[in-house]
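What shape does this take:
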Amino acid sequence: MKTKKCLECNIPIIGRIDKKFCSDYCRNTYNNKVNSESKNLIRNTNNRLKKNYKILTDLNSSGKTKTTRSKLIDHNFDFNTFTSIYTTKTGNVYYYVYNQGYLKLENDYYLLIKSE
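Numbers count the residues shown, from 1 in each chain. All right, here's what the predicted structure looks like:
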């Protein structure tokens, strides 16, 4: 009978016939390598969303306020990272980070709103 070897460290496996790894350490290491690229993308995107959400929440304590583009940029706001877009019947485009939204106004001003 052929001896199975650990997928991570290649040492012979003792135990159940369907076992793939010699230890929890090897199983975790192997799975972390396999999933690292997709996990990094998701982690980085979630971190940018959290950062944008915190900036909008901090600048919009009242639920509806105006701010400038430069103030958002000073806080390192990422205008390319948001969770949804809402276009009104009149054509206004709101960008949302979860329930915090912003609308570009004239002269580099932005309307910040919080939807309930």
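
quick one, what contacts Thr83?
49, 96-98 (Cβ atoms under 8 Å, 6 or more residues apart in numbering). C-betas here are computed from N, CA, C, even on glycine.

ok, those vs Arg43, which is closest?
Leu49 (10.9 Å; Cβ to Cβ).

Can you tell me how far the residue lying closest to Phe77 once chain neighbours are set aside is from Asp74?
Once flanking residues are discounted, Phe77 sits nearest to Ile55: 5.1 Å by Cβ to Cβ, 6 or more residues apart in numbering. Plainly put, Ile55 is 10 Å away from Asp74 if you go by Cβ to Cβ, to the nearest Å.

quick one, phi psi at Tyr94?
phi -100, psi 130 (degrees, to the nearest 10).

was I right about it contacting Thr88?
Yes - Tyr94 is in contact with Thr88 according to Cβ atoms under 8 Å; the separation is 7.4 Å.

Neighbour count: the two, which is higher?
In this comparison of Tyr94 against Thr88, neighbours counted by other Cβ atoms under 10 Å, the higher total goes to Tyr94 at 17 against 9.

Work out for me the element the residue most central in space within the chain sits within.
Geometric centre of the chain, nearest residue: Asn46, 1.3 Å, by Cα atoms, centre = their mean. Using DSSP states H and E, Asn46 sits within helix 24-59.

Just give me how far that helix sits from the chain centre.
7 Å (Cα atoms, centre = their mean, to the nearest Å).

Can you tell me the strand partners of the next helix or strand after that helix and which way each runs?
Going down the chain from helix 24-59, the next helix or strand is strand 64-68, by DSSP H and E. Here strand 64-68 is paired, per DSSP bridges, with strand 109-114 (antiparallel).

by how many degrees do the partner strand and helix 24-59 diverge?
Strand 109-114 runs at 120 degrees relative to helix 24-59, counting by axes from the mean of the first three to the mean of the last three Cα atoms, to 10 degrees.

Contacts for strand 109-114, please.
56-57, 59-60, 63-69, 72, 94, 99-105.

Let's see that with 10 Å instead.
Residues outside strand 109-114 that contact it (Cβ atoms under 10 Å, 6 or more residues apart in numbering): 55-57, 59-69, 71-72, 77, 79, 92, 94-96, 98-105.
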